[in-house]
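> Got a sequence here, can you build the structure:
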Amino acid sequence: MKEKLYTIGEVSKLVNISIKALRYYDKINLFKPAFVDPETNYRYYKDSQIHILDLIKSLKYIGTPLEEMKEVQGLQRDDFFAFLTDQEKIVRKKIESLVEIEKIIANAKRGLQRQMEYPPLGEVFISYEDELQIIQTKADGIDPKNILNASYSKLKKFAASTEGFRNNGYGAIFTYLPYKDIKEVTYRYLFTPVLTNKQISLLMQDTEVAKIPKGKYVCITFKSVSIEDYFLYLQKLIHYVEFHQLTVISDIYESLIYIHSFNQQEEFLIEMRVRVNDF
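Got it, this is the predicted structure:
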């Protein structure tokens, strides 16, 4: 029985692949016609060839590059099984990456939602916080009077090698004490939030993973224009804790919060929070 031949237009309609794509597959020797009319240059394909296009479409669907498809066409059953196993691993990695991106977006949205729900700036408030993983480094000799962008240089270099939204980009940790003078305040650590598991695997020298624990926090958020008003807000936080006879069970966590706006000027808030017993 003579095998049926299909024109390129008929194949295009039969397998839902554009004529342009079929011509390109011919050009790169991925899927060539069985016969080309020497007078008209019309391409014709055998019925027995059509299944190859189903394989090509399947490989394209799972993300196989065109240059690899010709090699895959020649694989025997066991080798094709091994190929599919490898593709499965690649897909799983992509899924894990997308899940991490989804978490980063969700965290960014939570940060923005938190900003929208802030009480008036400068007022102390209670907030229940989830656990937050951070990358921290010792803040040798750094305090609120001399901290600069350059102070975060090690963490900024680390952050530059990774991706994600950093609403609460950087922060500092210092011991909770009944401070009477700004000179008494000395940072113990500087930190940046962990956005993805990949960041943990890329830790730089003299940095470590730590956690800001889940729990009840006394918080205050403010704009600081001088070291004097910075200290006034810190004292306001401490006075609230003492007045309400709360038991402090953590350091003070201080975060720089980037305010999103449509102008070119960057604005930041400072948030201080300290964990207290929840009873």
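> Would you confirm that residue 267 contacts residue 259?
Yes. With contact defined as CB atoms under 8 Å, residue 267 reaches residue 259; the gap is 4.2 Å. To be clear about C-beta, it is placed using only N, CA and C from the backbone, and glycine gets the same treatment.
> helix, strand or coil for residue 258?
Under DSSP: H, G, I helix; E, B strand; the rest coil, residue 258 falls in the strand class.
> pretty sure it is touching residue 169, no?
Yes. At 6.1 Å, residue 258 counts as touching residue 169 under the criterion of CB under 8 Å.
> Please enumerate the helices of the protein.
8-15, 19-27, 50-61, 66-73, 77-116, 153-160, 197-201, 227-243 (DSSP state H).
> The fourth one vs helix 77-116, what angle?
Relative orientation of helix 66-73 with respect to helix 77-116: 140 degrees, computed using axes from the mean of the first three to the mean of the last three CA atoms, to 10 degrees.
> give the contact list for residue 246.
Residue 246 is in contact with 218, 276-277, counting by CB atoms under 8 Å, 6 or more residues apart in numbering.
> Of all these, the one with the weakest confidence?
In terms of pLDDT, the lowest of the contacts of residue 246 is residue 277, showing 94.
> Could you check how many residues crowd around it?
Using other CB atoms under 10 Å, residue 277 has 10 other residues around it.
> cool, residue 178 as well?
10.
> what's the answer for residue 267, then?
Applying other CB under 10 Å, I find that residue 267 has 11 neighbouring residues.
> Quick check: pLDDT value at it.
At residue 267, pLDDT is 71.
> what do you get for residue 224?
Confidence score, pLDDT, at residue 224: 78.
> Residue 198 now?
With respect to pLDDT, residue 198 has a value of 62.
> and if you look at residue 21?
94.
> now residue 234: how far from residue 178?
Distance from residue 234 to residue 178, counting by CB to CB, to the nearest Å: 11 Å.
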